[in-house]
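K.L.:
Fold the following, please.
(one chain, ligands or ions: 2)
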Amino acid sequence: MSSDIVVWEWLEDNGLFFAYEPKTSNEIEKASNSHSTVSVDVRHMRYVIDPNTKQQTNRDTGMTRQIRRTVLPCTSAFARGLKWEWQDHRPWRPYAAELVEEIDEAHQRGDNTLNLSLKHADMPYEIDFRNMTQVNIQTHYWRSIRTQHLSGSYASNVTTLPSSVPSPSSSLSKSAQSFAGPSQASVAPQSGSVIGASSQPMRRKSVAWKDCPHGGISSSANSQTQNVSVSEAMSLHTQKVENGSTEVCAVCQNNLDQQSGFGNGTDVVELNKCKHTFHLECIEATYSHGVKGGCIVCPYCNTLHGIKTGDQPAGTMTYSRSHYSLPGYQGHGTIEIQYNIPSGTQYSEHPHPGQQFTTPGFPRRAYVPDSDEGRSILFLLVEAWKRRLIFTVGRSTTTGADNVVTWSSVHHKTSNNSHGSHGYPDPTYLERVRSELETVGVSDDWQ
Ligand SMILES: [Zn+2]
Ligand SMILES: [Zn+2]
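P.N.:
Ligands and ions are numbered 1, 2, ... in the order given. Have a look, this model is predicted:
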C-alpha cells in the first residue's frame, strides 16, 4: 500500500528547503511529467512553477526561487501524512523538509529530546517532545511545536525519472556566477537555479531576535535579478488613458497630447498607484534603463510600483552582538553588521557588463545599537540586503575609482565611536535610515 513518495520543495532565503502541500506538490509532479509549467496559489501569492528549470516565479513580483524534487521513503513523516510545525508569534510555521524527517525520526524512536545543534551548528535549539517545545539553548526562549495531519497525500514515486535530490550546489554557484558574464544567466538551463541558491547556506527560522544565535547569521543575496519584461511590467503597473491632456510629460517634457520624446508614440499611461501620467514610451524607457526587476518607480513622485530590487552583487551579510555600548546608547549593547562581497564580473544589469568589478574596503562593518529601535533597523537592513539594495556597482563618489562596489542610498554607521558623520552619537540616525529604507520600499509592513 505505501510506497516512496515525491515531494517538491522550494528554497527559502535561509538556505533550507520547505515542502509544498501535497496538492501543490502533486500538481508540480504532473507538470514535470508532461514537461510543462503550472500556476499555483500558495498563501494568496500566485506563482508559476517550472519543474524543468526547477524555478518558482512570483507572478506579481517576478522574484524566483529554486525548487527541487525529492523522493522520500514510505516510512517518512510526509509519507505517513504528518507534518511538523513550530509557532511564531501567531501563525504556525512549517519546519524545513529536512528537519521534519529528523524530528519525526527522533519522535518515533521515543526520544525525550532532540538537540538540533548537534547536526546543525547554527541552530541552537533543543526540541523537547515531552512538553512539545523548542528551546533556544542560548537564550532559553521557547516556542511551542506540534505535529499535524497533512491535507491530502503526496504522489507515489512511480515515474522512472532519476530522482533529483540535488547535489550541494555551493561549489557550483561560484563558478556559475563567474561565467554568468554579460549575457543573461537564464539562458543556461541550470544556472538560474544554481545562482538563485545561497552561495553560503545559513539556517535561520525567523527574524525574531530571540531566535538569533549570538554568533550572528548570514544571508546571501541572489546574484542576479530575474528580468521582468517591459511589457509585463507595463501591464502590471500601468493603465492606458486618453491622451487628450495638455499636461507635460515629466520624462520627456513634451505635452502628453504630442509624441513621446523617446519615439513617435502617442500612447499615454497612468501609473496604478500614484495616478501620474506619462507617455507609454517614456515609462518604458525609464524602466528599461534601470534594474528590470518588475518595479516601476514613478519619475515624478518616486512612488514604487512593485518591489524594488537593486543590482548588488552576490555576497554575505552577517551580524553579531556585543555588550559594548555605542556613544549615546548607554545601557544597550551593539550589533555589528559585516558585509562581504567578493570581486567578480559585472552582470548585464551593471554599468560595464563583462568587465571586472572590485570590492575595496570589504568586508565592510556597520553598527547599530542593540535596542528595540536598532534591532528593528537591523531586520529592515536584512530585508534590504536580500533585495540587493545595500550596495551597487559603479564609480565611488569618495575615491573616484570606477567599477567598484559602493554603498547605495541607505546610510550606514561604519564607526562604533565618535568619528564624525560615520559614527555615534547621532540621535537622529536611526530615524533617518528608517526613512531611507522606506524610500526604497523596505518598511515594517514589508511582509
Ligand atoms: Zn514623455
Ligand atoms: Zn507618481
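K.L.:
any idea what sits nearest residue 20, other than its immediate chain neighbours?
P.N.:
residue 8 (5.1 Å; CB to CB, 6 or more residues apart in numbering). Quick note: C-beta positions are derived from backbone N, CA and C, even for glycine.
K.L.:
wait, is that neighbour part of a strand?
P.N.:
Yes: Residue 8 forms part of a strand when assessed by DSSP: H, G, I helix; E, B strand; the rest coil.
K.L.:
Identify the bridge partners of it.
P.N.:
Per DSSP bridges, the residues bridged to residue 8 are residue 69.
K.L.:
Can you verify my assumption that it contacts residue 28?
P.N.:
Yes: taking CB atoms under 8 Å as the definition, residue 8 is a contact partner of residue 28 at 4.4 Å.
K.L.:
what residues are up against the residue nearest to residue 20?
P.N.:
19, 20, 24, 25, 28, 29, 51, 67, 68, 69, 70 (CB atoms under 8 Å, 6 or more residues apart in numbering).
K.L.:
Let me know the pLDDT of it.
P.N.:
Looking at residue 8, its pLDDT reads 94.
K.L.:
now it: how far from ligand 2?
P.N.:
Distance, residue 8 to ligand 2, using CB to the ion, to the nearest Å: 40 Å.
K.L.:
distance of that residue from residue 36?
P.N.:
Remark: distance between residue 8 and residue 36 (CB to CB, to the nearest Å) = 14 Å.
K.L.:
cool, and residue 330?
P.N.:
62 Å.
K.L.:
got it, and residue 5?
P.N.:
From residue 5 across to residue 36, the span is 21 Å (CB to CB).
K.L.:
residue contacts, the residue of the stretch 101-250 of the chain found nearest ligand 2?
P.N.:
Per CB to the ion, the residue of the stretch 101-250 of the chain with the smallest distance to ligand 2 is residue 250, at 8.4 Å. Counting by CB under 8 Å, 6+ apart, residue 250 makes contact with 276, 278, 299, 300.
K.L.:
follow-up on the earlier one: what do residue 8 and residue 28 both touch?
P.N.:
Here residue 8 and residue 28 have 20, 51, 67, 69 as joint contacts, going by CB under 8 Å, 6+ apart.
K.L.:
What segments of the protein are helices?
P.N.:
22-33, 97-109, 170-180, 191-196, 230-237, 280-289, 372-386, 429-439 (DSSP state H).
K.L.:
mean pLDDT for those helices: which is lowest?
P.N.:
Averaging pLDDT over each of the helices of the chain puts helix 191-196 lowest, since it has a mean of 25.
K.L.:
Go ahead and confirm residue 380 touches residue 437.
P.N.:
Yes: at 4.9 Å, residue 380 and residue 437 qualify as touching, with contact defined as CB under 8 Å.
K.L.:
and for the two, which residues touch both?
P.N.:
Common contact partners of residue 380 and residue 437 (CB under 8 Å, 6+ apart): residue 443.
K.L.:
Nearest residue to the middle of this structure?
P.N.:
residue 386 (4.4 Å; CA atoms, centre = their mean).
K.L.:
that older thread, with neighbour numbers in mind, choose between residue 330 and residue 36.
P.N.:
Neighbours were counted for residue 330 and for residue 36 using other CB atoms under 10 Å; residue 36 has more, 11 against 8.
K.L.:
Look up how far residue 441 lies from that one.
P.N.:
Separation of residue 36 from residue 441 (CB to CB): 34 Å.
K.L.:
Any stretches of the stretch 301-447 of the chain with poor pLDDT?
P.N.:
Along the stretch 301-447 of the chain, the parts satisfying pLDDT under 70 run over 419, 445-447.
K.L.:
dump the residue contacts of whichever residue of it sits closest to ligand 1.
P.N.:
Minimum separation of the stretch 301-447 of the chain from ligand 1 (CB to the ion) falls at residue 301, amounting to 15.6 Å. Contact analysis of residue 301 by CB under 8 Å, 6+ apart lists 274, 276.
K.L.:
Thanks a lot, catch you later.
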